[in-house]
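>>> sharing a model that was predicted from the sequence below.
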Amino acid sequence: MSQRMSRQLTPEEVLESHFDGPEDGVFTDGSCEPNPGPGGWGWVWVERGQIKAEGHGREGNTTNNRMELRALIEAFQALPADRDLIVHSDSQLCVNTVNEWAAGWERRGWTRKGGPIKNLDLVKQLYALKKAKPRIQLHWIRAHEGLRWNEYADALAALSD
């Protein structure tokens, strides 16, 4: 059962109850309930298990995918370009978009064979940030597996719901 189906933990409760997973990196998450509807995004940057920076926010009428993209954009904007960092997202769609598909879409004038690119405004913004900060890698992390900092980012996004 996911946390979303039970009571959502606060960031403080996550820190008190979750201890597994990487102790370094940037973790992002977005949420929207119902989808579409009001949503939130959150990110946290940790080094050696200590929070270095974090952010969260909300939008009134959005989708889960837009909030996942917004969390990544906000994190990339806050991170320095001169550091080797790993950003973890639990959205395979976002990770594949940036790491696999966006370069081809850009070459083809931001078009794809299967029709329009959803959330193109945010995809373009995130891809530009990723290209401007090539030392920052984007990796997928499994959602709701009890990994401390992924759950913390989820809790930040939920603060904004």
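Cool, got the structure.

>>> use CA for all of it now, contacts and neighbours both
Noted.

>>> tell me which residue lies nearest the centroid of the chain.
Of all residues in the chain, the one closest to the mean position by C-alpha atoms, centre = their mean is T28, 3.2 Å from it.

>>> let me know whether that residue touches C94 as I believe.
No - using C-alpha atoms under 8 Å, T28 is not in contact with C94; the gap is 10.9 Å.

>>> just the strands in this protein please.
Counting by DSSP state E, the chain has strands at residues 25-32, 37-47, 50-62, 85-89, 136-140.

>>> out of the ones you listed, nearest to E12?
Closest approach to E12 among the strands of the chain (C-alpha to C-alpha): strand 50-62, 12.3 Å.

>>> which positions in that closest one come out as buried?
Counting neighbours by 16 or more other C-alpha atoms under 10 Å, one finds that the buried residues in strand 50-62 are 54-59, 62.

>>> in CSV: these, plus distance to H139 and pLDDT.
What follows is the buried residues of strand 50-62, written out as CSV (distance: C-alpha to C-alpha, whole Å; pLDDT from 0 to 100):
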residue, distance to H139, pLDDT
E54, 18, 98
G55, 19, 97
H56, 20, 97
G57, 22, 97
R58, 24, 95
E59, 25, 95
T62, 24, 97
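
>>> farthest pair in these?
Counting by C-alpha to C-alpha, the most remote pair of the buried residues of strand 50-62 is E54 and T62, 21.6 Å apart.

>>> other residues contacting stretch 55-62?
32, 35-44, 71, 74-75, 156-157, 159-161 (C-alpha atoms under 8 Å, 6 or more residues apart in numbering).

>>> C-alpha coordinates for it, CSV please?
The C-alpha trace of stretch 55-62 is given here as CSV (Å, rounded to 0.1, in the frame of the first residue of the first chain):
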residue,chain,number,x,y,z
GLY,A,55,12.4,23.7,-2.0
HIS,A,56,8.7,23.1,-2.6
GLY,A,57,5.7,24.8,-4.1
ARG,A,58,2.3,24.3,-5.5
GLU,A,59,0.0,25.0,-8.5
GLY,A,60,-3.7,25.2,-8.4
ASN,A,61,-4.7,23.3,-11.6
THR,A,62,-2.1,20.9,-12.9
